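**Student:** no sequence for this one, just the structure:
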């Protein structure tokens, strides 16, 4: 089994494990070199826990990139609330985005959903993402967190990739939620380091309060379970301009032993490779492999 297991994020339904690894593996090596750790991680030591195909519509292989989503399809309260959170975060990090409170209504109707999608499409963060894909991403997050069958199938892909030799799990975006829950479901696992990048784990109500296992204690001071034993080191890296990593510091939700890092991830703030090439990401991986 692989020493390093990678877990991708949302919007990868037309990708594959080999294609994603072709970008992640060299980026991991660059991060190790930036950390003066050699960058000698062999390709055979790295695996991608791939679940994107579970969100790929069946029978549409020739037109899967043309998902017929419009603003009217954002009709679920969860999707509307998450869209509103993205809009507020984008406005805070991008002066070119008109904030929601400058609009006549918030995200609660098809018209205001359209306003949110229009505002986000003009932001630096979402500039290259088509409207239909933005809506598809909202639906993937909702499906994982609210549909038990989807959650079980996705999580099993990650559990199946983690073996007795696995020492590091590096998880991006929604994949960080999946990886966290998978490790919590594997008591006694030998993983020494969980490295989460661009993670939405700290978003209260939408994500944090829906975790499995559920956080314990009175709100708003509830704590999430620690995803391993005392030997596990958890490092969370969040980009300044990463809208998905809305809550940058996860320590209030998971404990002070979690190492929280703020990074500059450039114009493609949520891109996984922008995190993987950073020296602090490389250091977190190298420490567990030493």
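**Tutor:** Received it, and whenever you're ready, just let me know what you need. These numbers come from a predicted model, not from an experiment. Residues are numbered from 1 along each chain as shown.
**Student:** all helices of the stretch 101-250 of the chain, in order?
**Tutor:** 110-121, 131-146, 148-161, 174-184 (DSSP state H, counting those that start in this stretch).
**Student:** in JSON lines: these, plus mean neighbour count, mean pLDDT and distance to residue 55.
**Tutor:** The C-beta positions use only the backbone N, C-alpha and C, and glycine is treated the same way. JSON lines is the format used below for the helices of the stretch 101-250 of the chain (neighbours: other Cβ atoms under 10 Å; pLDDT from 0 to 100; distance: least, Cβ to Cβ, whole Å):
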{"stretch": "helix 110-121", "mean neighbour count": "19", "mean pLDDT": "67", "distance to residue 55": "20"}
{"stretch": "helix 131-146", "mean neighbour count": "20", "mean pLDDT": "79", "distance to residue 55": "5"}
{"stretch": "helix 148-161", "mean neighbour count": "17", "mean pLDDT": "97", "distance to residue 55": "8"}
{"stretch": "helix 174-184", "mean neighbour count": "26", "mean pLDDT": "97", "distance to residue 55": "10"}
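**Student:** adding distance to residue 44, write those helices out as a markdown table.
**Tutor:** Shown next, in a markdown table, are those (distance: least, Cβ to Cβ, whole Å):
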| stretch | distance to residue 44 |
| --- | --- |
| helix 110-121 | 40 |
| helix 131-146 | 30 |
| helix 148-161 | 14 |
| helix 174-184 | 21 |
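**Student:** so which of these is nearest residue 40?
**Tutor:** Nearest to residue 40, of all these, is helix 148-161, at 22.0 Å by Cβ to Cβ.
**Student:** which residues does that closest one contact?
**Tutor:** With contact meaning Cβ atoms under 8 Å, 6 or more residues apart in numbering, helix 148-161 is reached by 1-2, 5, 7, 47-51, 54, 143-145, 169, 175, 178-179, 181-182, 185-186, 212.
**Student:** how about a cut-off of 7 Å?
**Tutor:** 5, 7, 47, 49-51, 54, 143-144, 178-179, 181-182, 185-186 (Cβ atoms under 7 Å, 6 or more residues apart in numbering).
**Student:** OK, contacts around residue 263?
**Tutor:** By Cβ under 7 Å, 6+ apart, residue 263 lies in contact with 237-239, 275, 278.
**Student:** out of the helices of the stretch 101-250 of the chain, which gets nearest to residue 251?
**Tutor:** helix 174-184 (14.5 Å).
**Student:** ok so, going back, just flag the most distant two among the contacts of helix 148-161.
**Tutor:** 47 and 143 (24.1 Å).
**Student:** tell me which of the helices of the stretch 101-250 of the chain sits nearest to residue 82.
**Tutor:** helix 131-146 (5.8 Å).
**Student:** what's the angle between the closest one and helix 174-184?
**Tutor:** Helix 131-146 runs at 20 degrees relative to helix 174-184, counting by axes from the mean of the first three to the mean of the last three Cα atoms, to 10 degrees.
**Student:** report the angle between helix 131-146 and helix 148-161.
**Tutor:** Using the same axes, to 10 degrees: helix 131-146 against helix 148-161 is 80 degrees.
**Student:** just checking, what packs against helix 131-146?
**Tutor:** Other elements packing on helix 131-146 under the criterion 3 or more Cβ pairs under 7 Å, 6 or more residues apart in numbering; DSSP states H and E are helix 77-93, helix 110-121, helix 148-161, helix 174-184.
**Student:** can you put the ones you listed in CSV and add distance to residue 31?
**Tutor:** Below are those laid out as CSV (distance: least, Cβ to Cβ, whole Å):
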stretch, distance to residue 31
helix 77-93, 24
helix 110-121, 29
helix 148-161, 20
helix 174-184, 17
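**Student:** where does pLDDT dip in the stretch 1-150 of the chain?
**Tutor:** Residue ranges of the stretch 1-150 of the chain with pLDDT under 70: 39, 58-71, 102-111, 117-134.
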